[in-house]
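Peer 1: Generate a structure from the sequence data that follows.
(chains A, B, C and D)
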Number of protein chains: 2
Amino acid sequence: MAESSGPGSENLLFLTDEQLRRGIEAMFFAYRGFTSDPDRILGEHDYGRAHHRALHFINRTPGLTVNTLLDILGVTKQSLNRVLRTLVDDGLVESRVGTRDKRERNLFLTEAGLRLEMELSNAQRGRMRAAYRSAGPEAVQGFRQVLEAMMDPELRRHFASAREEIQ
Amino acid sequence: MAESSGPGSENLLFLTDEQLRRGIEAMFFAYRGFTSDPDRILGEHDYGRAHHRALHFINRTPGLTVNTLLDILGVTKQSLNRVLRTLVDDGLVESRVGTRDKRERNLFLTEAGLRLEMELSNAQRGRMRAAYRSAGPEAVQGFRQVLEAMMDPELRRHFASAREEIQ
DNA sequence: TTGGAATGTCAACAAGGCTGACATAAACTC
DNA sequence: GAGTTTATGTCAGCCTTGTTGACATTCCAA
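Peer 2: Okay, the predicted model is just below:
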């Protein structure tokens, strides 16, 4: 396998096993950084990462149904329910009976839920912002392109629809 | 907050909360894709993600000590030990008493360990390769830049030293 | 020779995945 | 209108992988 440090060789070598291994490790270490700030805050409140994910997606799409949230999160209803129950009991999430279909529950954040979500996402956005700023706009575009190509097609759908939602 | 869809506005708007939120979700969904193939294989062999991580880093740096591995993985020795013990018992990892310092254990993959590691990393590299290919070399560079900036400084050190190792 | 470092191990616990089974209410279908 | 399907909730039990605390062993180094 050829050396990878020669200038101008990146375009030829960006698919070597070594380059791919570095990408894999970068994902591993970066994801740790990515979750560390929210994890710290969640710990103080006696919540876990699963609560954060629920708060995030309820905040992004207020009124979404339990089933939709299950689809997005890709966990079992038993697992989600455990998390959701504590959030409802603690007054962070409100679960309203559906208007159109009364079997459904529409999920909303309460004031307190919005506050915690904001605290968590402020921390996470802070790190993301710093990373974006230090890497620059072109790098950010590449970052997003690679991540998107790495998703499962079904997940990519959720992601794309979220994009259109905003426009 | 301004609209984000106007052409040419990306450079100004790549730090809006909305852009940051999309980056956060991209990380979430992409990480799921990133781990899904190895997870499937691991399930067949009755192992978990923790085993994969150990195999990966032992393969990357044969002979590394338990303490070094603990540093890299960022878990407690009890947690790592449970995983390491099953790997040693199953004949995937060999733990040799250190030559220089006999308190240390140097970790190596056995033939069987190498085979499983290869199976796992082939699957993971396959997805990474496809993502890299579809996004192109410039995108890959941006991807790596942003990920690196997102790591904790201490993790970045491990990552950087891994880079120099290869050169 | 003694203190501290590296390692291993036991026990107990928690979060958050999972499966399986079952209950209820609402909606849909024939 | 009866029967089926759908959306949700809940109980019980299991697994992985993290945690803390305690303790033993071995061995390097001052």
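Peer 1: Quick check, pLDDT for A:R163.
Peer 2: Looking at A:R163, its pLDDT stands at 54.
Peer 1: what about the residue of chain A found nearest DNA strand D, how many neighbours?
Peer 2: Going by C-beta to the nearest atom of the strand, DNA strand D is nearest to A:N67 of chain A, at 2.8 Å. C-beta: built from backbone N, CA, C; applies to glycine. A:N67 is flanked by 12 other residues according to other C-beta atoms under 10 Å in any protein chain shown.
Peer 1: what about A:G48, neighbour count?
Peer 2: Taking other C-beta under 10 Å as the criterion, the count of residues near A:G48 is 13.
Peer 1: Likewise for the one 4 residues further on?
Peer 2: Neighbour count of A:H52, defined by other C-beta under 10 Å: 21.
Peer 1: wait, what's in contact with it?
Peer 2: Applying C-beta atoms under 8 Å, 6 or more residues apart in numbering or on different chains, one finds that A:H52 lies in contact with A:P38, A:L42, A:L120.
Peer 1: picking that back up, does the residue of chain A closest to DNA strand D touch A:N106 like I think?
Peer 2: No: at 11.0 Å, A:N67 does not count as touching A:N106 under the criterion of C-beta atoms under 8 Å.
Peer 1: and the host helix or strand of A:R21, anywhere near DNA strand D?
Peer 2: Here A:R21, judged by DSSP states H and E, is contained in helix A:17-44. No: with C-beta under 7 Å from any atom of the strand as the threshold, helix A:17-44 lies outside contact range of DNA strand D, at a closest distance of 10.1 Å.
Peer 1: Show me what counts as buried in that helix.
Peer 2: Neighbour counts using 16 or more other C-beta atoms under 10 Å in any protein chain shown place A:19-39, A:41-42 of helix A:17-44 among the buried residues.
Peer 1: Buried residues, the helix or strand that it is followed by. List them.
Peer 2: Following the chain from helix A:17-44 toward its C-terminal end, the next helix or strand by DSSP H and E is helix A:49-60. When burial is assessed from 16+ other C-beta under 10 Å, helix A:49-60 yields the following buried residues: A:A50, A:H51, A:H52, A:R53, A:A54, A:L55, A:H56, A:F57, A:I58, A:N59, A:R60.
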